[in-house]
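A.B. asks: Sharing a model prediction with you, sequence too.
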Amino acid sequence: MNFNLLPLVRDMGDTLRGRYHEIDHYRYGLPIFIMIMIGVGVANSVMLRPIFGGGDGILMLGIVLGILKWLLLTRATTGVLHYFGSPRIPFLGYALMTEALILPFIFLPIVPEATPIFQLWNIWIFWVQLLGFAKISQQPIWRVLVAYVVYGVLVLFFGVIMMMLFHSAGWIDVQELQKNMESFLQTKP
């Protein structure tokens, strides 16, 4: 069991600078996966909190959505790029590493005035992730964008199912969600 995060952090730095490796380079053990998915779940819950409110259910929803997004991203990119002639590439490690790039979002509640910086960070993460999928698979960017569209549809579909399950279990409050959405939509920029 390897708990060393240093290779993952180095890979994150390389990816942010546009330096990509062969797919076999992105291999991380189960302890790393668990740590990253919990961190991504916390970051997701921080981003969901203004809409869903607080509570332990939001933290669990963030973790489940993080795992779900990671799995759907790997399956959508592998499937769509394979459809276009790429070999079946196991993007599990690469997707885990790029999903870990949202970990700084944990600090958003502490420094809310840095929201524009976090938005730019999110755009940069998307861009380097997209370029990495294209470079590793040796496919044009438009094909990777098709994979992202499939991924978006799948996340929307399964995300709604997860929200319904969490609501039926009593872990999230739909009335609070509706109230927060109404106040969010009524807020003028």
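C.D. replies: That came through, no problem.
A.B. asks: Could you list every helix and strand in contact with the lowest-mean-pLDDT helix or strand in the chain?
C.D. replies: Ranking every helix and strand in the chain by mean pLDDT, DSSP states H and E puts helix 174-186 at the bottom, with a mean of 81. Packing partners of helix 174-186 (3 or more Cβ pairs under 8 Å, 6 or more residues apart in numbering; DSSP states H and E): helix 30-52. Where C-beta positions appear, they are placed from N, C-alpha and C, glycine not excepted.
A.B. asks: Please repeat the previous calculation with a cut-off of 6 Å.
C.D. replies: Applying 3 or more Cβ pairs under 6 Å, 6 or more residues apart in numbering; DSSP states H and E, one finds that helix 174-186 contacts no other helix or strand.
A.B. asks: contact partners of that helix?
C.D. replies: Helix 174-186 has contacts (Cβ atoms under 6 Å, 6 or more residues apart in numbering) with 51-53, 167.
A.B. asks: Tell me which residues of it come out buried.
C.D. replies: 177, 180 (16 or more other Cβ atoms under 10 Å).
A.B. asks: between it and helix 30-52, how many degrees?
C.D. replies: 70 degrees (axes from the mean of the first three to the mean of the last three Cα atoms, to 10 degrees).
A.B. asks: Could you give the separation of helix 174-186 from the chain centroid?
C.D. replies: Offset of helix 174-186 from its chain centre (Cα atoms, centre = their mean, to the nearest Å): 24 Å.
A.B. asks: Equivalent analysis for stretch 84-91, please.
C.D. replies: Stretch 84-91 sits 20 Å away from the centroid of its parent chain (Cα atoms, centre = their mean).
A.B. asks: First-to-last residue distance for it?
C.D. replies: Start to finish, the residues bounding stretch 84-91 are 16 Å apart (Cα to Cα, to the nearest Å).
A.B. asks: Could you export the least confident helix or strand of the chain as CSV, CA atoms only?
C.D. replies: Taking Å, rounded to 0.1, in the frame of the first residue of the first chain, the C-alpha atoms of helix 174-186 are listed here in CSV:
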residue,chain,number,x,y,z
VAL,A,174,-35.6,19.8,-1.9
GLN,A,175,-37.5,22.7,-0.4
GLU,A,176,-34.2,24.3,0.7
LEU,A,177,-32.8,23.6,-2.8
GLN,A,178,-35.8,25.3,-4.4
LYS,A,179,-35.6,28.3,-2.1
ASN,A,180,-31.8,28.7,-2.7
MET,A,181,-32.3,28.4,-6.5
GLU,A,182,-35.1,31.1,-6.4
SER,A,183,-32.8,33.5,-4.5
PHE,A,184,-29.9,32.7,-6.8
LEU,A,185,-32.0,33.4,-9.9
GLN,A,186,-33.4,36.7,-8.4
